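K.L.:
When you get a sec, could you give me coordinates for this:
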Amino acid sequence: MQPAKSVTRFGRAFRWLALAAGASVFCLYVYASVVIWRYGPQAPQPGWTAARSGAGWYIQTVDADGPAAGVLASGDRILAIDGDARYAEVDPALKLNFIAPQQWYSTQVAGTGTPRLVRLQSRVTRNRTNAAFYLSLLISGLVFFWPGWHSAWFCRVRR
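P.N.:
Model prediction:
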């Protein structure tokens, strides 16, 4: 029994659509691999860490060679970041993770004295600990990519 012409046309159209989608995904994987290889896994590094204690967030540690050295002190209470007081109630890292490298930001803190406004510059460091995570994403993506590409290329609608 011969398949209808519309089914045959649909099969061909689907095959070319699947090949085009697969090629697009392959190009995306190549681009992502080049970016990760060139820049490496990067993580924002403000130079200080915060911990929640009671009703607010407090500076926990300050890197001795970081941008906050000598400006912030352990135990300072965070009142606002870039003028937004919401980050005094939620994790300040939510704001700090979205600050671009070498961008200036302001942090309002209260230590033993009066509240003060501190301007700091963010920096980004390469964090190789996440490289295994990115590699696992690439491998799993290729595992799912191969059967689809293979079936779209080699399986043809019979006449």
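K.L.:
for residue 110, phi and psi?
P.N.:
Note on residue 110: its backbone torsions stand at phi -130, psi 120 [degrees, to the nearest 10].
K.L.:
now swap in the one 10 residues further on and tell me
P.N.:
With angles defined as degrees, to the nearest 10, residue 120 sits at phi -130, psi 160.
K.L.:
what do you get for the one 5 residues further on?
P.N.:
Backbone dihedrals for residue 125, given as degrees, to the nearest 10, come out at phi -120, psi 150.
K.L.:
quick one, helices of the chain?
P.N.:
Per DSSP state H, the chain carries helices over the ranges 5-39, 93-96, 131-154.
K.L.:
how deep is residue 97 tucked in, by neighbour count?
P.N.:
Residues contacting residue 97 under the criterion other CB atoms under 10 Å number 12. In this view, the C-beta of every residue, glycine as well, is placed from N, C-alpha and C.
K.L.:
what residues are up against it?
P.N.:
By CB atoms under 8 Å, 6 or more residues apart in numbering, the residues touching residue 97 are residue 44.
K.L.:
roughly how far apart are it and residue 55?
P.N.:
Taking CB to CB, to the nearest Å as the criterion, residue 97 is separated from residue 55 by 23 Å.
K.L.:
same deal with residue 8?
P.N.:
Applying CB to CB, the value for residue 8 to residue 55 is 69 Å.
K.L.:
Have a look at those two and say which one is more surrounded.
P.N.:
Taking other CB under 10 Å, residue 8 and residue 55 do not tie; residue 8 has more neighbours (14 against 8).
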